[in-house]
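[1] Just a sequence and a predicted model for now, questions to come.
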Amino acid sequence: MPSQTLSVTVNDHRHLPFSINFSKSLEFPHSLQSRRDCSIAQNSIPSCSLPRMPDISPKLPNDIVCPIFQDAARDTPTALSLALVSKPVAAIVEPVLYKSITLRSHCSIRAFAHTLQNKDQHIFSAVTQLILGLPTPSDCPNFWVLVDQQCPKLDRLSLLAVDLELVRHTQLHPRHLSVSFKHPIGLDEHEIVHSLPGYDPVTEPSPAPWSKVTHLTFLYQDPDVLTPFVRGCLRHLTHFSCFDSNSWIGSAFSALLAIPSMHLCMIGHRDTADGVEALLMGFILPKDFRVVLVWEAKEEDMNRWASAEKVVIGRMLQMYNDRVAHGRRS
């Protein structure tokens with residue numbers, strides 16, 4: 001069953017004054033994903049350690065009532081209503097609400113930073129995804145430090161390249177990382193970031209946020225901006241995607257494909273004219289069965305990963321069948 005996402009904006013500053021993307025189910029491709037990914041149940045309720053509280057119901061213990069409220073909180077409007085019932089009920093449903101956070105304005109970033117400072121940490125123990133559509137404002141210099149301290153289970157991070165310098169001073173190590181090199185308001189070439197922060201391999205042997213990444217996405221930039229040191233830190237990388245970049249050829253591709261764990265390299269291209277795919281695959285892109293060209297790809301579309309993986313599996317099966325046929329002929 002496809003994942004259903006509901007985007008809700010709450011303007012009540014007493015509770016959740018920012019946008020929340022709430023997914024009823026998390027869908028992971030099962031073909032080439034690691035066993036660690038596949039072991040996550042699609043409909044699992046985020047686990048969290050709740051603070052001590054009195055019995056919510058005089059007839060039922062909390063260990064029965066809590067899962068009922070958590071399951072009801074899968075529906076975002078219901079969860080928002082439940083959060084207003086009482087403090088004990090809010091303590092149960094708020095971690096479900098905070099599972100996936102999307103911040104697309106400076107106002108929402110400031111509001112979330114304020115929330116991180118003033119709410120109990122157990123509420124953020126279920127946060128697994130954070131998406132920023134803008135750079136963090138200058139008046140929130142400690143935003144990433146707060147995220148690092150309050151969101152220990154953050155596993156998916158989407159941000160702008162200009163924030164990488166701030167993230168490097170944290171212990172954030174997501175497995176899914178998406179980096180946009182272009183300011184969302186800017187349309188000119190000068191708005192694109194062409195480099196990454198410099199890292200010292202002696203003092204930063206495992207720089208944040210690179211060292212545990214398995215799925216890496218670049219927007220508006222090709223992988224040549226990855227320094228050799230950063231590429232060397234991507235020891236667990238299995239999936240790389242590059243969308244809306246200016247070019248797709250360079251030494252970085254060969255280095256990425258040389259990573260032993262690499263399964264898939266997905267390249268997004270907007271030109272669907274006849275012959276473009278054959279031209280790119282034949283003369284520009286590396287000739288490797290793991291390289292897949294897709295059209296109008298989106299960085300957060302897990303179906304793109306699954307579709308590209310099917311292409312790779314089909315190529316692997318074709319290679320196997322060719323070898324078998326060749327062996328029979330010889």
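    In hand now; what should we look at?
[2] the strands in the stretch 1-150 of the chain, which residues?
    For the stretch 1-150 of the chain, applying DSSP state E, counting those that start in this stretch gives strands covering 5-9, 19-23, 100-103, 129-132.
[3] Low-confidence stretches in the protein?
    1-60, 185-191, 244-251, 269-286, 296-302 (pLDDT under 70).
[4] quick one, helices of it?
    Listed in chain order, the helices of the chain (DSSP state H) span 35-38, 62-72, 76-82, 87-97, 106-118, 143-150, 164-167, 228-233, 251-257, 276-279, 302-329.
[5] mind checking which of the ones you listed is nearest L132?
    helix 106-118 (7.0 Å; CB to CB). Just so you know, the C-beta spots here come from the backbone N, C-alpha and C atoms, and that holds for glycine as well.
[6] mind saving the C-alpha coords of the closest one as CSV?
    Provided in CSV are the C-alpha atoms of helix 106-118 (Å, rounded to 0.1, in the frame of the first residue of the first chain):
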residue,chain,number,x,y,z
HIS,A,106,12.2,31.2,8.9
CYS,A,107,9.2,31.7,11.2
SER,A,108,8.7,28.0,11.4
ILE,A,109,12.4,27.3,12.0
ARG,A,110,12.4,29.8,14.9
ALA,A,111,9.2,28.3,16.3
PHE,A,112,10.6,24.8,16.2
ALA,A,113,13.9,26.0,17.9
HIS,A,114,11.7,27.5,20.6
THR,A,115,9.8,24.3,21.0
LEU,A,116,13.1,22.3,21.2
GLN,A,117,14.2,24.5,24.1
ASN,A,118,10.9,24.4,26.0
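[7] which of the residues in it are buried?
    108-113, 115-116 (16 or more other CB atoms under 10 Å).
[8] ok, back up a step: let me have the helices of the chain in TSV, extended by distance to H239.
    Formatted as TSV, the helices of the chain follow (distance: least, CB to CB, whole Å):
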stretch	distance to H239
helix 35-38	10
helix 62-72	31
helix 76-82	29
helix 87-97	28
helix 106-118	28
helix 143-150	24
helix 164-167	20
helix 228-233	15
helix 251-257	10
helix 276-279	20
helix 302-329	6
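[9] Which of the ones you listed sits closest to T128?
    Among the helices of the chain, helix 87-97 comes nearest to T128, with 10.7 Å by CB to CB.
[10] now that closest one and helix 62-72, what's the angle there?
    If you take axes from the mean of the first three to the mean of the last three CA atoms, to 10 degrees, helix 87-97 sits at 50 degrees to helix 62-72.
[11] what helices or strands is helix 87-97 leaning on?
    helix 62-72, helix 76-82 (3 or more CB pairs under 8 Å, 6 or more residues apart in numbering; DSSP states H and E).
[12] and F289, how many residues sit next to it?
    Neighbours of F289 under the rule other CB atoms under 10 Å: 14.
[13] That one and G314: what is the separation?
    According to CB to CB, to the nearest Å, F289 and G314 sit 9 Å apart.
[14] H176 now?
    Counting by CB to CB, the gap between H176 and G314 amounts to 24 Å.
[15] Could you check which of the two is surrounded by more residues?
    Ranked by neighbour count (other CB under 10 Å), H176 and G314 place H176 first, with 21 against 11.
[16] Tell me how this protein divides into domains.
    1-146, 217-223+242-330 (automatic domain parsing).
[17] start to end distance for stretch 147-163?
    Terminal residues of stretch 147-163 are spaced 13 Å apart (CA to CA, to the nearest Å).
[18] repeat for stretch 209-226
    Start-to-end, stretch 209-226 (CA to CA) is 13 Å.
[19] Would you mind listing the buried residues in that stretch?
    209-226.
[20] for the closest residue to E165 other than its chain neighbours, what are its contacts?
    Spatial nearest neighbour of E165, excluding adjacent residues (CB to CB, 6 or more residues apart in numbering): P197 at 4.6 Å. The neighbours of P197, taking CB atoms under 8 Å, 6 or more residues apart in numbering as the test, are 164-165, 168.
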